[in-house]
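> Provided below are the primary sequence and the corresponding predicted coordinates.
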Amino acid sequence: MSTERPAARGARSASAAGPARFLAAALVSVLAALAPALAAGAPARADDAPAAASDAGSAGQRIADALRTSPVYVDPAYRSAFPAEEQRRLAAKIEKSGLPVRVVVVPLISGDAWGGDPEKMVDVVRYRMAEGARKKAVYMTLSTNEGFLDGYEFPRDGRYEAFWGVAAVGHQDDMKDRSLYAKFSRALEIVRSGDGRKQYEKATADLHDDDPAERDGGTDDGGTDDGGADGGADGGGADGEGADGGPSPLLLGVLAGSAVAVLAAVALVLRTVRRRARTSARAPFTSPRSVFATARAAGVRDLRKRAQRELLAYNEKLLAHEPGEHADADLLQFALDAYAAACTVLDEARDTPDLAGVLALLHEGREALERSEPAPRRRRKARAADPTLPLCFFDPLHGAAAERIRWRPLGRREALRVAACRECSAAVSARRAPEVLTHRHDGHRVPYFEVPPEHSLWAATGYGSLTEETLTARVLRGDFTRSRAGRSTRASRARRGR
């Protein structure tokens, strides 16, 4: 089975191993968690809204204080789904295991103290608990994907494989519709076993049918990586030991030992070459875990519901907003235009890339609404030096980008400057394949940005990374409608040709 997904996520671990990097990442995460509710879903800044900073700090401190007395913290909102007795039983299991596991169950809502991001919440809690870069800890939380769990291990290069082990629980058939206690207990068992990657690959084996990278590489990878290499070494030894006709037992032993050594060296070289080939030429991109999760939970339908909820919330924010005396009228108008554009796309959306486009348009609108109000002088320079970033280029479902990076697509000489979330940025820095949003085009599943730009507004713009013009302006101009009309025309011609 391919190991692209562990490799892609593992980039973050490799890139964040040093103490200095961890402290910097923790500080950035804390500052990012302190954004005002008005900028929910947008890149947060530590100097925006002291009230939001107070909320994040107090919420994180409350969780940290509770974790000092028990390894399980459950918000009152989940007490009925995770009763006190089950919390105590899970805490007892954790303490008996001797593992540095902490379970945090809190609501994750866009606009909360950490922007609905469980990883930011964990960073805030760790900061409040004064945990250093090398302090061993495994945090288990609810995922933003309903029915799934997320795991975070510190140090990032730890031995428990917690991220993959905890993620595997949501994909295991016997865990469907089970209680939170049962799911976290299973996650604890996997973390204790230390084979989270193996468990995740096993649990997601049935999801590889639609992955062209798996189909193309299946013959070479299926059972010939680790197993083939080991089998070759063992087989060589067996042949040498069982060979008959050597001039003497001593010479026979020498020949057998030499054969085993040579075959073992060859197996090691082949294993290294195959692993490098899988992470470069044969499968340059992987399907994101979030796509797998939503596919299991009902796919596009669930994402559409999320887009509808966020559109409704944004509409309520617009209605409740009272412009100040010196508000920027152009930005206020743009915020309204973004809402209209998001409605247009949602009405015509038929697939995940279109629904991701709705979220990208709402992101533009929220940013404009936030910036429409005059900022204190001390923040004006910060805003000018910190331009608004779109959602993550590789997969907008990852959320707001953290920075712009230089990225060179495989097989291309030219490089692009794209906006990327922290995880994708780490993957590119480590020369690993970032997780990307895929789209079925001409019968094949490909990265959305490999669709011809005349067929897809999102491929043409990279959800805002590849063009100076806003998505809102392009949608209102009719680019989204024209791209869809072009697809409909080609489909009609194909049907007539039959």
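Good, I have the coordinates. Numbers count the residues shown, from 1 in each chain.
> Residue ranges in the stretch 101-250 of the chain under the pLDDT threshold?
For the stretch 101-250 of the chain, applying pLDDT under 70 flags the ranges 157, 207-250.
> And the strands in it?
101-105, 137-142, 149-154 (DSSP state E, counting those that start in this stretch).
> Restrict the last one to CA atoms and write it as CSV.
The one in question is strand 149-154. In CSV, the C-alpha atoms belonging to strand 149-154 read as follows (Å, rounded to 0.1, in the frame of the first residue of the first chain):
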residue,chain,number,x,y,z
LEU,A,149,-11.0,12.3,16.0
ASP,A,150,-7.7,14.2,15.7
GLY,A,151,-4.4,13.4,17.4
TYR,A,152,-1.4,15.6,18.0
GLU,A,153,1.9,14.3,19.3
PHE,A,154,4.7,16.3,20.9
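> Need the strands of the stretch 101-250 of the chain in CSV (columns: mean neighbour count and distance to E469).
For every residue, glycine as well, the C-beta is placed using N, CA and C. CSV is the format used below for these (neighbours: other C-beta atoms under 10 Å; distance: least, C-beta to C-beta, whole Å):
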stretch, mean neighbour count, distance to E469
strand 101-105, 24, 41
strand 137-142, 24, 38
strand 149-154, 24, 35
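> Kindly reformat these as JSON lines containing distance to Q61.
Shown next, in JSON lines, are those (distance: least, C-beta to C-beta, whole Å):
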{"stretch": "strand 101-105", "distance to Q61": "13"}
{"stretch": "strand 137-142", "distance to Q61": "16"}
{"stretch": "strand 149-154", "distance to Q61": "19"}
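> Point out the one among those that comes closest to Y448.
strand 149-154 (24.1 Å; C-beta to C-beta).
> Name every sheet partner of that closest one and say whether each one runs parallel or antiparallel.
Counting by DSSP bridges, the strands paired with strand 149-154 are strand 137-142 (antiparallel).
> orientation of the partner strand relative to strand 101-105 in degrees?
On the basis of axes from the mean of the first three to the mean of the last three C-alpha atoms, to 10 degrees, strand 137-142 is oriented at 20 degrees to strand 101-105.
> what residues are up against the residue nearest to D150 when sequence neighbours are not counted?
Of all residues not flanking D150 in the chain, S143 sits nearest, at 4.5 Å (C-beta to C-beta, 6 or more residues apart in numbering). Counting by C-beta atoms under 8 Å, 6 or more residues apart in numbering, S143 makes contact with 118, 149-150, 167, 170, 293.
> circling back to that earlier point, among the strands of the stretch 101-250 of the chain, which is nearest D174?
For the strands of the stretch 101-250 of the chain, proximity to D174 was assessed by C-beta to C-beta; strand 149-154 is nearest, at 14.7 Å.
> quick one, what contacts the nearest residue to A91 once chain neighbours are set aside?
In this structure, A91 finds its nearest non-sequential neighbour in V72, 4.6 Å apart by C-beta to C-beta, 6+ apart. Shown in contact with V72 (C-beta under 8 Å, 6+ apart): 87, 90-91, 94, 102-103, 105.
> related to what we said a few turns ago, I'd like to know which of the strands of the stretch 101-250 of the chain lies nearest to Q199.
Q199 sits nearest to strand 149-154 of all the strands of the stretch 101-250 of the chain, at 11.5 Å, using C-beta to C-beta.
> Show which residues not belonging to the closest one make contact with it.
Residues contacting strand 149-154 (C-beta under 8 Å, 6+ apart): 22, 118-119, 122, 126, 131, 133, 135-143, 160-167, 169-170, 183-184, 187, 191, 196.
> what's the spacing between D75 and A64?
14 Å (C-beta to C-beta, to the nearest Å).
> And those two? Which one has more around it.
With neighbours defined as other C-beta atoms under 10 Å, D75 and A64 compare such that A64 has more, 20 against 16.
> Compute the distance between the more buried one and R156, please.
With C-beta to C-beta as the criterion, A64 and R156 are 20 Å apart.
> Equivalent analysis for A460, please.
36 Å.
> Over to N315?
For N315, the distance to R156 equals 40 Å [C-beta to C-beta].
> Which of the two has more residues huddled nearby?
R156 (20 against 14).
> Going along the chain, name the strands of the stretch 351-498 of the chain.
403-407, 416-420, 438-441, 444-447.
> Which of those strands sits closest to V345?
By C-beta to C-beta (comparing all of the strands of the stretch 351-498 of the chain), the closest turns out to be strand 438-441, at 15.1 Å.
> For the closest residue to A420 other than its chain neighbours, name its beta-bridge partners.
Nearest non-adjacent residue to A420, counting by C-beta to C-beta, 6+ apart: I405, 5.0 Å away. With beta bridges defined as DSSP bridges, I405 has these partners: V418.
> Need the pLDDT of I405.
For I405, the pLDDT comes out at 92.
> for the one 4 residues further on, same thing?
If you check P409, the pLDDT there is 75.
> before we move on, what about the one 3 residues further on?
R412 carries a pLDDT value of 70.
> Distance check, it against E450.
According to C-beta to C-beta, R412 stands 11 Å off from E450.
> Give me the more crowded residue out of the two.
Neighbour totals were compared for R412 and E450, and E450 leads with 15 against 9 (other C-beta under 10 Å).
> hmm, back to that, and the residue nearest to A91, its phi and psi?
phi -120, psi 120 (degrees, to the nearest 10).
> what is it paired to in the beta sheet?
Bridge pairing for V72 - DSSP bridges - gives V103.
> ok, it to A167 distance?
20 Å.
> where exactly do the helices run in the stretch 101-250 of the chain?
118-128, 162-169, 180-193, 196-203, 212-221, 226-242, 249-277 (DSSP state H, counting those that start in this stretch).
> Take the contacts of V72 and lay them out in JSON lines including distance to R350.
Shown next, in JSON lines, are the contacts of V72 (distance: C-beta to C-beta, whole Å):
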{"residue": "Q87", "distance to R350": "43"}
{"residue": "L90", "distance to R350": "42"}
{"residue": "A91", "distance to R350": "46"}
{"residue": "I94", "distance to R350": "45"}
{"residue": "R102", "distance to R350": "42"}
{"residue": "V103", "distance to R350": "39"}
{"residue": "V105", "distance to R350": "35"}
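> Can you pick out the most distant pair from the residues you listed?
I94 and V105 (13.5 Å).
> Tell me who's in contact with the nearest residue to L336 once chain neighbours are set aside.
What sits nearest to L336 in space, not counting adjacent residues and going by C-beta to C-beta, 6+ apart, is L318, at 6.8 Å. Going by C-beta under 8 Å, 6+ apart, L318 touches 335-336, 339, 369.
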